[in-house]
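Student: Next comes the sequence, and after it the predicted model I'd like to discuss.
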Amino acid sequence: MAELLDRGYLYFCDCTGDQVQARKGDNKTPGYDGFCRDRALAQGPRTALRFATPVGGSTVVHDLIRGDVEFSHGVIDDFVVAKSSGAVLYALANVVDDRNDRISHVIRGEEHLPNTPKQILLWEALNLTSGLVTPIPHYAHLPLLVNEQRKKLSKRKDPVATEMYRDQGYLPEAFVNYLALLGWSPSGEEEKIDVSTLIREFRLEDVSHSPAFFDVKKLLHLNGTYIRELSPEAFIERAQPWVSPSTSAWSPQEYQTPWPVENFDPELFGRVAPLVQERIALMGEIPAMVDFFFLADAPRDDDAFTKTIATSEVAQAVLRDLVEEFAAVNWDAETLHATVMSVGERHEWNLRKAQAPLRCALTGRLVGPPLFESLVILGREETIRRIEMAL
RNA sequence: GGUCCCAUCGUCUAGUGGCCUAGGACUCCAGCUUCUCAAGCUGGCUACGCGGGUUCGAAUCCCGCUGGGACUGCCA
């Protein structure tokens, strides 16, 4: 830095923000006016270090994505490189770090494009004065990710924490896949692409130039297809954080299963897993789909209960008949299916209507995994007990 | 205000002068299937911002306009 100073690339400045502002008036050139550039100030208690931007000419950023972008030196002000406190600022620190690490590619958001010429200028100055010449890195400025208002995604206002997506049950591979689709697309018509193919096919040069909207809907869909493509074993394995957080290495923040942990039965879950795997788009949906298996009693959704059981004479009659039939019938999905259907017919209800009160009595909900398979897993005794409880 | 970037369906995009009466995916709508919910299948709606050029021919090249965005700190 001393060398940079000696050679005139840097100079001390004691102007305050107000002074700079006052001098500027209606002047249209932005930023600092270079007031102290030739004052040869010595370092003082309130002197910041500024970079003396070359007077004429321009600096061209060779951007891998956007091509050459030219910045006239006339519009680059003498920016501060170190605070009066001595703290080195981003522009310089960044360049120094990148030189130390021999960075070959600087890949960042488009918002950094305007300050890239400053960094190049700094880099060149350092090459000339430090005795260490390192090649200027390749720059690539990625398009911004924007929200529905088409504004740059903000840490404060927008849901950008990847942990949050992970906690909700987005699979990392689906998330990476989706992100890759923002601003880039695979060669074929298939958008689902695994990481190794992505690595092989991705070219910075092919990245689009325009901002992209982060569409959770599409992410969700993609996540669903990834979940469905998991092998049953893999699905069970990856469901662990949501069904058995106490035994998994990781689980969502402040997450608790809807059932007492000691009630969880891995063997039983293994049997239900395939039933839920194809009907969810988020791993986080699993607990609500299987909770009735691990709760002592069926959960009760009052609205659903009132609607399908409490206010329906027929529903109650169906349930009563079911208790009788279930006591003697073969306990397999096919038989149960037929039984519910015939009991329904007895009351002039089709299967669609007849299954509703039964589902509600057992699961507490109107939607869930396939009913008859669930009954088989739940068992005859528990099934009958829950129906009786509902009556 | 200044500098820079950007501009194809609602969204993400394919498209690099003729293969485009513009393709795919998500969303939405309709239908099929169906024990609920999904999934799946079939079909449908919807786009090259505007105006000038260049060219036999333009979504594709050039200019202007309009629109959007980023940056404009002794923040990063």
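Tutor: Everything's here; your move.
Student: wait, residue A:144 sits on residue A:110?
Tutor: Yes: contact criterion CB atoms under 8 Å: residue A:144 and residue A:110 qualify, at 5.1 Å. Just so you know, the C-beta spots here come from the backbone N, C-alpha and C atoms, and that holds for glycine as well.
Student: which residues do these two both contact?
Tutor: Common contacts of residue A:144 and residue A:110, defined by CB atoms under 8 Å, 6 or more residues apart in numbering, comprise residue A:211.
Student: Not counting sequence-adjacent ones, nearest residue to residue A:285?
Tutor: In this structure, residue A:285 finds its nearest non-sequential neighbour in residue A:169, 6.9 Å apart by CB to CB, 6 or more residues apart in numbering.
Student: Tell me, how many residues neighbour the one you found?
Tutor: Neighbour count of residue A:169, defined by other CB atoms under 10 Å: 21.
Student: ditto for residue A:100
Tutor: Counted with other CB under 10 Å, the neighbours of residue A:100 add up to 10.
Student: Which per-residue confidence value corresponds to it?
Tutor: Model confidence at residue A:100, given as pLDDT, is 95.
Student: Relative to RNA strand B, how far out is it?
Tutor: From residue A:100 across to RNA strand B, the span is 16 Å (CB to the nearest atom of the strand, to the nearest Å).
Student: Phi, psi for that residue please.
Tutor: Dihedral pair for residue A:100: phi -60, psi -40, per degrees, to the nearest 10.
Student: Which of the helices and strands in chain A ranks last by mean pLDDT?
Tutor: Every helix and strand of chain A was ranked by mean pLDDT, DSSP states H and E. The lowest is helix A:17-24, at a mean of 83.
Student: Distance from that helix to the middle of the chain?
Tutor: Distance of helix A:17-24 from the chain centroid (CA atoms, centre = their mean, to the nearest Å) equals 43 Å.
Student: hmm, that helix in reach of RNA strand B?
Tutor: Yes: on the criterion CB under 7 Å from any atom of the strand, helix A:17-24 is in touch with RNA strand B at residue A:17.
Student: I'd like to know how many residues surround the closest residue to residue A:163 other than its chain neighbours.
Tutor: Leaving aside its sequence neighbours, residue A:163 sits nearest to residue A:253 (CB to CB, 6+ apart; 7.3 Å). Residue A:253 has 8 neighbouring residues, counting by other CB under 10 Å.
Student: could you pull out the strands for the stretch 51-200 of chain A?
Tutor: Taking DSSP state E, counting those that start in this stretch as the criterion, the stretch 51-200 of chain A carries its strands at A:58-63, A:67-72, A:80-82, A:105-109, A:138-142, A:145-146.
Student: Let me see the contact set for the residue nearest to residue A:172 when sequence neighbours are not counted.
Tutor: Nearest residue to residue A:172 in three dimensions, chain neighbours excluded: residue A:166, at 7.0 Å (CB to CB, 6+ apart). Neighbour list for residue A:166: A:172, A:175, A:252 [criterion: CB under 8 Å, 6+ apart].
Student: so where's the stretch 1-150 of chain A uncertain?
Tutor: A:25-30 (pLDDT under 70).
Student: doesn't residue A:53 make contact with residue A:71?
Tutor: No: Residue A:71 is beyond contact range of residue A:53, at 10.2 Å (criterion: CB under 8 Å).
Student: Pick out whichever of the two has more residues nearby.
Tutor: residue A:53 (22 against 19).
Student: residue contacts, the closest residue to the more buried one other than its chain neighbours?
Tutor: Using CB to CB, 6+ apart and skipping the chain neighbours, the partner closest in space to residue A:53 is residue A:76 (4.8 Å). Each residue near residue A:76 by CB under 8 Å, 6+ apart is listed here: A:31, A:53, A:59, A:117, A:118, A:121.
Student: out of those, which are buried?
Tutor: Among those, those scoring as buried are A:53, A:59, A:117, A:118, A:121 (criterion: 16 or more other CB atoms under 10 Å).
Student: Let's see which of these end up in helices.
Tutor: A:117, A:118, A:121 (DSSP state H).
Student: What's the local residue count around the closest residue to residue A:256 other than its chain neighbours?
Tutor: Leaving aside its chain neighbours, residue A:256 sits nearest to residue A:245 (7.6 Å; criterion: CB to CB, 6+ apart). Neighbour count for residue A:245, taken as other CB under 10 Å: 17.
Student: same thing with residue A:161?
Tutor: 10.
Student: Residue A:168 contacts residue A:286, correct?
Tutor: No: Residue A:168 is beyond contact range of residue A:286, at 11.5 Å (criterion: CB under 8 Å).
Student: Now the contacts of residue A:166 in TSV, please, with extra columns for pLDDT, distance to residue A:3 and neighbour count.
Tutor: Below are the contacts of residue A:166 laid out as TSV (pLDDT from 0 to 100; distance: CB to CB, whole Å; neighbours: other CB atoms under 10 Å):
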residue	pLDDT	distance to residue A:3	neighbour count
A:172	97	46	12
A:175	97	46	17
A:252	97	52	17
